[in-house]
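K.L.:
have a look at this prediction, sequence included:
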Amino acid sequence: MPPTGTTITADDLPLDNSFAELPPAFYTRLMPTPMPAPYFVAASAKAAALVGLDPADLAHDDFVAVFTGNAVPPRAKPLSAVYSGHQFGHWAGQLGDGRAILLGQLATPEGPMELQLKGAGMTPYSRMGDGRAVLRSSIREFLCSEAMAALGVPTTRALMVTGSNQRIMRETVETAAVVTRMAPSFVRFGSFEHWHYRNKHEELRILADYVIRDFYPELAGAENPYLALLGEVTKRTARMIAHWQAVGFMHGVMNTDNMSILGVTLDYGPFGFMEAFDVDHICNHTDQGGRYSYANQVPVGHWNCYALANALLPLIGDTEAAQAALEVYVDAYGDKFDELLRAKLGLATAQADDRALFDHMFKLMQENHVDFTLFFRRLGGLRLDVADAEREAADAPLRDLFLDRPGFDAWAVLYRERLRQEGSVDANRSEAMNRVNPKYILRNYLAQVAIEKAQNGDFSEVARLLAVLERPFDEQPENESYAALPPDWAAHLEVSCSS
Ligand code: AMP
Ligand code: MG
């Protein structure tokens, strides 16, 4: 069926590919492997708009074919890029990209965006894998990418998901899907480690020069651009993780091959959003030691930057300077996290004992297993302008999240005092807090409901959930149930690395 009313057809997608201009050692040029009878699952209108595509077109057969890998636009130079990485703290050598194929770049006002097909077939780097991704994990990646973008967290984007009834084997038989991801670049820390561990310093330099030229041009004139690159990536990584902590996002597999050189959230697998607050929560069933627990994400982000520094050292040429560059992590993280928390608490000014107020709050949340998202959202409704006799009733929606009510009351006294000191006004503060504390997040059970329907051929819930998550800060009375606590059956949901 030909697309209607469009400026771009699938066949003349104006794709460039700057990565393909690197020497052949960095990738393998190859065609995606077609799948039988591909079908449209979902598309993100917002992601489409970023690259000048009409979302209505994406459901047409020709776009479905291209974004499944069944047809390749004439201008595309498909390739898969090689990389290595540290997995769960251990050097794992070459491991990717076994299933993602870069189609090329589309121009946007903010610069070129790469389009990548994840699950588009085997590559020379597939090792024991089948080059495929299952529908379940593709829907999770699609929804979470777009949800994170709407939450203001730096992230790769997801344009669409297509499926096929091609069966693939995981713990059970599932069906295959392809998610089309978008980012200015998919270069990872592991892309640099790959060359470092092979003692290929020339390739290391070529890759670093490429990244600086295309994505960090402001660093090109620095005295030591490679050192400047390390400093900037470290800073961006720290800030990205501050965003994760502030929204309760857990990545689940923070291996160095999943760390973006642009400091954006990359590779959504067994991720989770914090529900009942527990700093030690582990969202990935495969991560038995809790290396990537909520609390550990912060030091692990730093550890990963050390791995990057180690890989860049031959170019930087100065160990002490590299170490100093890594030190920016702590302040970059702390400053960003404090800034985000102040906004979450509706604090307009920064004061010396804010950290004590935050720590006290997190301790109570931990002891009372308080739902992370509900707590902050309801905190926005707390009033200063309320008579003593009515305070308890006014506080009830928030206060009732705590078993230890006196504990909550004691914290609330300090919080109110702090708000009064800066002359906080209820209506203004509440409005500002509702713009940073989401009402709607991608709870595992919501994804699960959408996935199970999709596995039965009904994709409507994926679209509906996406629409809810695209406006996470808005009151959506018709979607109130999407803000609810997980039902009992959700306690048994487990997500693992299997994807
Ligand atoms: P992950 O732990 O999901 O980030 O995967 C690590 C690497 O394994 C990635 O670079 C993938 O390209 C590769 N990989 C994962 N699953 C498959 C698969 N089914 N077939 C081929 N390669 C895979
Ligand atoms: Mg990965």
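P.N.:
Thanks, I have the structure now. Numbers count the residues shown, from 1 in each chain. Ligands and ions are numbered 1, 2, ... in the order given.
K.L.:
list of residues touching the helix or strand containing residue 427?
P.N.:
Residue 427 is part of helix 426-434 when elements are defined by DSSP states H and E. With contact meaning CB atoms under 8 Å, 6 or more residues apart in numbering, helix 426-434 is reached by 343-346, 348, 376-377, 379-381, 383-385, 419, 473, 475. Placement of C-beta: from N, CA and C, glycine included.
K.L.:
so which helix or strand takes in the residue of the chain most remote from its centre?
P.N.:
What lies farthest from the middle of the chain is residue 389; by CA atoms, centre = their mean that is 44.7 Å. Assigned by DSSP H and E, residue 389 falls within helix 388-399.
K.L.:
distance from that helix to the middle of the chain?
P.N.:
Computed by CA atoms, centre = their mean, to the nearest Å, the chain-centroid distance of helix 388-399 equals 36 Å.
K.L.:
tell me the buried residues in the next helix or strand after that helix?
P.N.:
Counting by DSSP H and E, the next helix or strand C-terminal to helix 388-399 is helix 405-421. Residues of helix 405-421 classed as buried under the neighbour-count rule (16 or more other CB atoms under 10 Å) are 408, 411-412, 415-416, 418-419.
K.L.:
CA atoms of helix 405-421 as PDB?
P.N.:
Coordinates of the C-alpha atoms in helix 405-421 are reproduced here as PDB (Å, rounded to 0.1, in the frame of the first residue of the first chain):
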ATOM      1  CA  ARG A 405       2.700   7.900  61.200                       C
ATOM      2  CA  PRO A 406       4.500   9.600  64.100                       C
ATOM      3  CA  GLY A 407       7.700   9.100  62.100                       C
ATOM      4  CA  PHE A 408       6.100  10.800  59.100                       C
ATOM      5  CA  ASP A 409       4.700  13.600  61.300                       C
ATOM      6  CA  ALA A 410       8.100  14.400  62.700                       C
ATOM      7  CA  TRP A 411       9.700  14.700  59.300                       C
ATOM      8  CA  ALA A 412       6.800  16.800  58.000                       C
ATOM      9  CA  VAL A 413       7.400  19.300  60.900                       C
ATOM     10  CA  LEU A 414      10.900  19.800  59.600                       C
ATOM     11  CA  TYR A 415       9.800  20.000  56.000                       C
ATOM     12  CA  ARG A 416       7.100  22.500  56.700                       C
ATOM     13  CA  GLU A 417       9.600  24.600  58.700                       C
ATOM     14  CA  ARG A 418      12.000  24.500  55.800                       C
ATOM     15  CA  LEU A 419       9.200  25.600  53.300                       C
ATOM     16  CA  ARG A 420       8.100  28.400  55.600                       C
ATOM     17  CA  GLN A 421      11.700  29.700  55.900                       C
END
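K.L.:
what's the burial count for residue 259?
P.N.:
29 (other CB atoms under 10 Å).
K.L.:
hang on, it packs against residue 265?
P.N.:
No - applying CB atoms under 8 Å as the test, residue 259 and residue 265 come out as separate, 9.7 Å apart.
K.L.:
the longest strand seen in the chain packs against which elements?
P.N.:
The single longest strand within the chain, with elements called by DSSP state E, is strand 157-169. Counting contacts by 3 or more CB pairs under 8 Å, 6 or more residues apart in numbering; DSSP states H and E, strand 157-169 packs against strand 39-43, helix 45-50, helix 135-150, strand 173-183.
K.L.:
contacting residues around the closest residue to residue 8 other than its chain neighbours?
P.N.:
Nearest non-adjacent residue to residue 8, counting by CB to CB, 6 or more residues apart in numbering: residue 53, 6.4 Å away. Each residue near residue 53 by CB under 8 Å, 6+ apart is listed here: 8, 106, 159.
K.L.:
take the helices and strands packed on strand 157-169 and write them to CSV, including mean pLDDT, mean neighbour count and distance to ligand 1.
P.N.:
Putting the helices and strands packed on strand 157-169 into CSV (pLDDT from 0 to 100; neighbours: other CB atoms under 10 Å; distance: least, CB to the nearest ligand atom, whole Å) gives the following:
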stretch, mean pLDDT, mean neighbour count, distance to ligand 1
strand 39-43, 98, 22, 18
helix 45-50, 98, 18, 21
helix 135-150, 99, 25, 9
strand 173-183, 98, 23, 10
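K.L.:
nearest to residue 101, of the ones you listed?
P.N.:
strand 173-183 (9.2 Å; CB to CB).
K.L.:
now the helix or strand following that closest one, how far from the centre of its chain.
P.N.:
Sequence order places helix 189-197 as the next helix or strand after strand 173-183, per DSSP H and E. Averaging C-alpha positions (CA atoms, centre = their mean) puts helix 189-197 22 Å from its chain's average.
K.L.:
list the helices and strands helix 189-197 packs on?
P.N.:
strand 83-87, strand 90-96, helix 201-215, helix 297-316.
K.L.:
and the ones you listed, which is most packed in?
P.N.:
strand 83-87 (a mean of 23; mean count of other CB atoms under 10 Å).
K.L.:
quick one: that one near ligand 1?
P.N.:
No - Strand 83-87 stays clear of ligand 1 (CB under 6 Å from any ligand atom), getting no nearer than 6.8 Å.
K.L.:
in its sheet, what does that strand sit against?
P.N.:
strand 90-96 (antiparallel) (DSSP bridges).
K.L.:
and the angle from the strand it pairs with to helix 189-197?
P.N.:
Angle, strand 90-96 to helix 189-197, by axes from the mean of the first three to the mean of the last three CA atoms, to 10 degrees: 100 degrees.
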